[in-house]
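Undergrad: next input, structure requested:
(one chain, ligands or ions: 1)
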Amino acid sequence: MTARIEDITRQLLSEIGENPNREGLLETPRRVAKMYAELLDGYNLDPKSIFKCFKSDDYDGMVVVSNIDFYSLCEHHLLPFYGKIHIGYIPDKKVLGLSKFARLVGIFSHRLQLQERLTKQIAETIQKNLRTKGVIVYCKAKHLCMSMRGVKNGSSQMRTLIKTGVFNKDKSLVMQFMHQVDTSSEAKSHEGI
Ligand SMILES: [Zn+2]
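TA: Numbers count the residues shown, from 1 in each chain. Here you go, the predicted structure:
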């Protein structure tokens, strides 16, 4: 795959009017191929493999993992969209280690994506493999295909929210989750998103 992406990149450079043989571009096809291999390595990883859960003892309150950074490529333009993902769930006897949530976000964001689908896949995979009483996933992102092209609305963000189980029945749980996310985001607001 790598060699073919190198060839295609060389062709692309010619098509846009560049000279792929000029010094600054000689190594570009190789770098581009390497970059796609890295940014799209989520296709080769099985999200189920991260679910090594352990007993929650008696804890049945909400668990919130906030401010998970992600970078993905939109499937419409192959341009980046990036931001934060916040995950909340109510355990049903089992919990999952903190780092695994970031890992899960990494696997799904390293595929060509839509923000809506990314949010949904994360929620559904947690619901299915951790068997919680309910999961909520909130994603806030900037899309370079919006900032760089057309209307060039650089400051707009897209928000997506998916809920399962008890979060669909109990609005106060959703509010409690959003409050925790807001508080943790404010503390990080200097980071710009
Ligand atoms: Zn796009």
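
Undergrad: and residue 33, what does it touch?
TA: By C-beta atoms under 8 Å, 6 or more residues apart in numbering, residue 33 lies in contact with 1, 2, 3, 5, 6, 9. Glycine gets a C-beta too; all of them are placed from N, C-alpha and C.

Undergrad: narrow the residues you listed to those in helices?
TA: 2, 3, 5, 6, 9 (DSSP state H).

Undergrad: just the buried residues of these.
TA: Listed as buried from the ones in helices among the contacts of residue 33 are 5, 6, 9; burial here means 16 or more other C-beta atoms under 10 Å.

Undergrad: hang on, the earlier thing: now the contacts of residue 33 in a markdown table, with pLDDT?
TA: What follows is the contacts of residue 33, written out as a markdown table (pLDDT from 0 to 100):
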| residue | pLDDT |
| --- | --- |
| 1 | 69 |
| 2 | 85 |
| 3 | 92 |
| 5 | 96 |
| 6 | 97 |
| 9 | 97 |
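
Undergrad: so which of these is the closest to residue 58?
TA: Distance to residue 58 across these (C-beta to C-beta) is lowest for residue 1, with 49.4 Å.

Undergrad: would you mind giving the domain segments of the protein?
TA: 2-39, 48-191 (automatic domain parsing).

Undergrad: quick one: name the residues of the protein near the ion.
TA: Proximity of the chain to the ion, by C-beta under 5 Å from the ion, involves residues 74, 76, 77, 145.

Undergrad: who wins for most neighbours among the residues you listed?
TA: Highest neighbour count within the residues of the chain next to the ion, by other C-beta atoms under 10 Å: residue 74, with 19 neighbours.

Undergrad: quick check: bridge partners of that residue?
TA: Beta-bridge partners for residue 74, by DSSP bridges, are residue 113.

Undergrad: list the contacts for it?
TA: Taking C-beta under 8 Å, 6+ apart, we find residue 74 in contact with 80, 81, 112, 113, 114, 115, 143, 145.

Undergrad: now do the helices in this protein.
TA: Remark: helices assigned in the chain by DSSP H are 2-15, 28-39, 98-109, 115-130, 144-147, 166-169, 171-187.

Undergrad: related to what we said a few turns ago, turn the ones in helices among the contacts of residue 33 into TSV, including distance to residue 53.
TA: Putting those into TSV (distance: C-beta to C-beta, whole Å) gives the following:
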residue	distance to residue 53
2	36
3	41
5	37
6	42
9	42
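
Undergrad: what number of residues lie near residue 185?
TA: 16.

Undergrad: now do stretch 42-57, average pLDDT.
TA: Computed over stretch 42-57, the mean pLDDT rounds to 90.

Undergrad: need the buried ones from the contacts of residue 74 selected in ChimeraX.
TA: Applying 16+ other C-beta under 10 Å to the contacts of residue 74 leaves a buried subset, and the ChimeraX line that selects it is:
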select :80,81,113,115,143
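
Undergrad: from the contacts of residue 74, which is closest to residue 164?
TA: Using C-beta to C-beta, these come closest to residue 164 at residue 115, 17.9 Å.
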